[in-house]
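[1] build the 3D model from these lines:
(2 chains)
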2 protein chains.
Amino acid sequence: MSKYNVTFPGGLRLTVAAGTTLKEIMNKAGINFDFPCGGRGRCGKCKVLLTAGAGEPTAEDRKALSAEELAQGIRLACMTKVQSDLQVEFLSEKNIRHQILLSGLDRKARVEPHLSKRYLEVDKATVEDMRTGWQRIKDGLAAQGSDSKADTARVAVIRSVPDLLRFAKHKITAVLYKNEIRGLEPDNTTEKLLGMAFDIGTTTIAGYLMDLYTGKELAVTSTLNPQTQFGADVISRITHVNTHPEGLKDLHRVVTEAVNDLLGEAVKQAGVSRHDVYAVAVVGNTCMHHLFLGINPRDVALAPYVPVITEPLVIDPWDVRLDMNPAGKVFVLPNIAGFVGADTVGVLLATELDNSEEVKLVVDIGTNGEMALGNKDRILACSTAAGPAFEGAQITCGMRGASGAIDHVHFTGDVKYSVIGDVEPLGICGSALLDTVAGLLETGLIDSRGRFKKTEEITHPAGRKLANRLITYNGAPAFLLAGGEAGSAPIVVTQKDIRELQLAKGAIAAGIRILIRNYGLKVEDVTEVLLAGAFGNYLNPHSACAIGLIPPELEGRIKMVGNAAGAGCKLALLSTGEYRRAAAVARRVEFVELGSDPSFINTFASSMLFPEVE
Amino acid sequence: MSKYNVTFPGGLRLTVAAGTTLKEIMNKAGINFDFPCGGRGRCGKCKVLLTAGAGEPTAEDRKALSAEELAQGIRLACMTKVQSDLQVEFLSEKNIRHQILLSGLDRKARVEPHLSKRYLEVDKATVEDMRTGWQRIKDGLAAQGSDSKADTARVAVIRSVPDLLRFAKHKITAVLYKNEIRGLEPDNTTEKLLGMAFDIGTTTIAGYLMDLYTGKELAVTSTLNPQTQFGADVISRITHVNTHPEGLKDLHRVVTEAVNDLLGEAVKQAGVSRHDVYAVAVVGNTCMHHLFLGINPRDVALAPYVPVITEPLVIDPWDVRLDMNPAGKVFVLPNIAGFVGADTVGVLLATELDNSEEVKLVVDIGTNGEMALGNKDRILACSTAAGPAFEGAQITCGMRGASGAIDHVHFTGDVKYSVIGDVEPLGICGSALLDTVAGLLETGLIDSRGRFKKTEEITHPAGRKLANRLITYNGAPAFLLAGGEAGSAPIVVTQKDIRELQLAKGAIAAGIRILIRNYGLKVEDVTEVLLAGAFGNYLNPHSACAIGLIPPELEGRIKMVGNAAGAGCKLALLSTGEYRRAAAVARRVEFVELGSDPSFINTFASSMLFPEVE
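    Model (predicted):
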């Protein structure tokens, strides 16, 4: 059966069997095109312009379209059967691009890949036409109306021309980035254009393999950041850099190796090749950003905590030894400040704070808490060291949110809890600590200063029922959450644990209060609180408000937005417009340095208190 | 004694002792500035604008300059003694740049280096000024009114920022190319900005180390092109590429190694370092061009002899493994056609054909002869395989123009000759072959078809005196030039040698005739013949015209221009304007493919004849 090439806007070119309808092709390719009547040729809404290959109009075309439209080559996509090579243009801007849909976010964007591909058939030189091979390629691209004037290339690409024209029989695909011919490949490879978004967290690295034409997610991979072997947090890693001659190289090498491994795993999952990956986008906190790029993050750890660079960077794969298509590019999102990094920019991009009419608060809680408050007119951001309590570290029975961790606790008459993996509880993770302390507070077992009350001080009826769980553990008061009977080790929350949580939540709460104050607002003016990140997605909003981590006034306005940093990274990968927007947002954000705010100490101290329970 | 910094336009910054006059500094730095009265403060012509550091006017200043000029900071350069840091601006465009003077050519150009340097003192970050290191560098450059918006850099350069700011105590020099910060160096290195021009010939590679501020030549080096081990001419080298799996790599490697060696030798001669070399410019024929870049030149040897690329290329040093400052750039001049390469573009640039009102002919003779004819309105060029006769190869007693070679022959009653190195003659080189055949023709010992006359046919009186030198050599007629007595081997020119010369000169002469004809001119319309290249510089113009290599009508109009390809390469190295002009010239030249000219065979055949002697 005959096969024909159908070319869509953006350079997507598909080879299809004769007789296939444009509707079938678009559906298959994931092009988000509207067929209101379901493709039965009745509504006349699925008009496309065939700039090449328009055949005789169908009866439906004649009914739905004007003579002028027909003469221009306009047809109904649902009725057009491919009988020759076709060049398809969309008539409505809305139909031109695929849409990116992000789960958990009401967020759409057009797919506008950073790189594009063009298929060319290049004639041989003759005495009559002595243009060079390179000139023919450039002319061929110009004839296809390539968006940009593609006229430069690295020597390596020019070196590939003679053999390519000879052995690929003059059929080649050009990979374009702006005005640069980034690569030339034998045959028609225009269908393959993948990218990968990486969210490089201090603890975890996540990678998302995406189709750069359709915006579809093809695979998700993640791994522990292998830099943890050199230190659990950013400060200890910077210390490693400062104290080991090869420290920077070590940290740079292991993170790029991990990214390469994730890329390999993702392409394996999706059944594609590393060479199909032409674009990579990266977010991470400022320290992760610097280490990924091999930039010494020393100054990030020294007052006044200034990064080496904040600008977005577009770099070559070999600059960070990424094993992807060498014609590709790596897009590194911008930082805002030493402790408000590209990951926060990703969060802002995903949550569209810069587009909001109303003032919203975005909070991303980890070892550090990053907060941003604002709307389309103004955005303030700050960061504060929350300490490790939210991650279960330095808590008596604390552990990560892994199998065996109590993750949620409910004070419903008695104490009930859920355990990750439905196994015997081994300890508690950050979200359970939050729930427990909220419960202790609401049942009056601790006071607003976080002190365990003595049995005789407990007046709340629910609290009195639980008073028997107030025990002495290693000589100090504690709350028995689980275990302790029949030889099983007790799982407790101690006075010290409560102090740790107070420090952590106090820092975040103080940051939020200072942002709101600096913005000139009252707490009630914040219309929405968007909780980003793994912990933010896991915590119980009621508990967060009960202990005052989030201002209690905003409890009804909390929304979980998941890994918004990763979502923002995907947006920047898939869309040049979103990438540019990331740069604009990063430039616009006003960084509030809490350490130099004269009110910080007092605000922090008062924020360590818990809200009074009525 | 105090030292101060004086900064001139173009970023040249000199540190000088207090009390030095601007005139002394400019003379020392080679700045071509006019002091009509010799620097005695009398003529008032050497005005400069001091945008920073202008002190009290001198008595001479007050006499020569208006109150308004004095207020603006205008002073006389000859009278201004340095008493503080100074920023000097020239008031007349003509004085702004150094001039390039090329020996053998009436050719001047402004020095306008491709790269520039800027010295910066970068403040540390504070809580009040949290700009990143990278931002400070960019802002510092912008504050100096850097010509271009320097805002991009490779990751490697950004990686150097933290240590540079720390260990260089915030004193750094930026190396700029267009909008890219190519490199950052500790301390003030603005005084060092060297470049090297390379003329890569099939046989010889020449290198010229130049000061990019002053245009002065600091060293000249040359070497045999090591590619000769793989073949003496371009065709045999292309055959090597086609027949050996590593052939292309071999040829690329040895030429880049030779260029690196020449660079090393030149910097040693000049007492500088490889790292002071920031720009390299390269010319060569199309095959040398491709091999230098590592591009397969296969198609250059196959009809229709089309290069892979003709465009000028600006590449990174590591792309061709050049051991120079990695912040530098390599500027490769454009080609015109498969056998009219970047070397011819260099010749055209040096000879300014594109600026000439009158039509001139440029001839560069080697194994191939390249010819260009034209003026500012139109330039035609062609190339023809002259064969090896001009280089003494395939000639009975032929040899290269080395020690022992007869290089010139005079038929002055008897035959007199000169020998290179003043030693006993070992053979003859191309120029002597030309002289000998011209003499044989003018004394009537050979006819216009190149045939040795029989003794009885010789009628010219001078010829009759030399008839005894007509001998039989290996059974064929020959002319005894030297030796033959007392056991020394005879040095002869044989009938076959004359035929070889006829082939060689016929090809060149045919090319010239076809160019003139295609241009719609007569021979007499050519106002000047510029002979370029080593052979062109060495031959006797009278002999060249006598044998019809150059049309005899043009004998009085011949001018030797030396290694014009190398001179053009120097121009392109020193001046962005000249480099751009090279690209424009290459695009403008109309290539005449002799092989496809229907009249070529006949023209070639008739051009093999010698002019009739009256």
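
[2] pLDDT below threshold where in chain A?
    Low-confidence segments of chain A (pLDDT under 70): A:1, A:10-11, A:29-32, A:34, A:36-38, A:43, A:92-106, A:145-148, A:614.

[3] and it, what are its domains?
    Chain A breaks down into these structural domains: A:3-96, A:114-186, A:194-342, A:352-388+A:503-607, A:391-500 (assignment by automatic domain parsing).

[4] pretty sure residue A:78 sits against residue A:25.
    No - if you go by C-beta atoms under 8 Å, residue A:78 and residue A:25 don't touch, sitting 11.1 Å apart. In short, each C-beta sits where N, CA and C put it, glycine included.

[5] and residue A:275, what is it in contact with?
    Contact analysis of residue A:275 by C-beta atoms under 8 Å, 6 or more residues apart in numbering or on different chains lists A:324, A:325.

[6] and the host helix or strand of residue A:88, what does it pack against?
    Here residue A:88 sits within strand A:86-90, counting by DSSP states H and E. If you count contacts as 3 or more C-beta pairs under 8 Å, 6 or more residues apart in numbering or on different chains; DSSP states H and E, strand A:86-90 packs onto strand A:3-7, strand A:47-52.

[7] for chain B, find the nearest of these.
    Taking C-beta to the nearest C-beta, strand A:3-7 is the member of these nearest to chain B, at 27.5 Å.

[8] just checking: what are the partner strands of the closest one?
    Using DSSP bridges, the strands paired with strand A:3-7 are strand A:13-17 (antiparallel), strand A:86-90 (parallel).

[9] quick one: the helices in the stretch 451-600 of chain A, in order.
    Ranges of helices within the stretch 451-600 of chain A are A:461-466, A:495-518, A:533-538, A:541-546, A:564-574, A:576-588, A:600-607, based on DSSP state H, counting those that start in this stretch.

[10] pretty sure residue A:219 sits in a strand.
    Yes - secondary structure assignment (DSSP: H, G, I helix; E, B strand; the rest coil) places residue A:219 inside a strand.

[11] isn't it right up against residue A:276?
    No - under the criterion of C-beta under 8 Å, residue A:219 makes no contact with residue A:276, lying 11.8 Å away.

[12] in the stretch 451-600 of chain A, which residue sits closest to chain B?
    Counting by C-beta to the nearest C-beta, the stretch 451-600 of chain A gets nearest chain B through residue A:596, at 4.7 Å.

[13] next, the closest residue to that residue other than its chain neighbours: phi, psi?
    Nearest non-adjacent residue to residue A:596, counting by C-beta to C-beta, 6 or more residues apart in numbering or on different chains: residue B:127, 4.7 Å away. Here is the backbone geometry of residue B:127 (degrees, to the nearest 10): phi -60, psi -30.

[14] how deep is residue B:127 tucked in, by neighbour count?
    Neighbourhood size, residue B:127 [other C-beta atoms under 10 Å in any protein chain shown]: 12.

[15] need the outlier residue of chain A, farthest from its centre.
    Distance from the C-alpha centroid of chain A, by C-alpha atoms, centre = their mean, peaks at residue A:127 (54.6 Å).

[16] list the contacts of that residue.
    B:303, B:304, B:593, B:595, B:596.

[17] correct me, but residue A:417 touches residue A:480?
    No - if you go by C-beta under 8 Å, residue A:417 and residue A:480 don't touch, sitting 12.0 Å apart.

[18] is it true that residue A:264 touches residue A:274?
    Yes - the criterion here is C-beta under 8 Å, and residue A:264 meets it with residue A:274 at 6.6 Å.

[19] which ones are touching residue A:542?
    A:438, A:555.

[20] distance check, residue A:110 against chain B.
    Separation of residue A:110 from chain B (C-beta to the nearest C-beta, to the nearest Å): 26 Å.

[21] surely residue A:210 forms part of a strand?
    Yes - judged by three-state DSSP, residue A:210 forms part of a strand.

[22] apart from its neighbours in sequence, what residue is nearest it?
    Leaving aside its sequence neighbours, residue A:210 sits nearest to residue A:195 (C-beta to C-beta, 6+ apart; 5.2 Å).

[23] so the one you found sits in a helix?
    No - Residue A:195: not assigned to a helix; according to three-state DSSP it is strand.

[24] nearest spatial neighbour of residue A:33, skipping sequence neighbours?
    Nearest in space to residue A:33, with sequence neighbours left out and distances taken as C-beta to C-beta, 6+ apart, is residue A:26 at 4.9 Å.

[25] for that neighbour, phi and psi?
    phi -70, psi -40.

[26] what's the local residue count around it?
    Neighbour tally, residue A:26, other C-beta under 10 Å: 25.

[27] in contact with it, which residues?
    A:8, A:33, A:77.

[28] so how far is residue A:82 from it?
    12 Å (C-beta to C-beta, to the nearest Å).

[29] stretch A:587-599: how far from the chain's middle?
    Centroid separation for stretch A:587-599 versus its chain: 24 Å, with C-alpha atoms, centre = their mean, to the nearest Å.

[30] my read: residue A:452 touches residue A:443, true?
    No - counting by C-beta under 8 Å, residue A:452 stays clear of residue A:443, with 11.9 Å between them.
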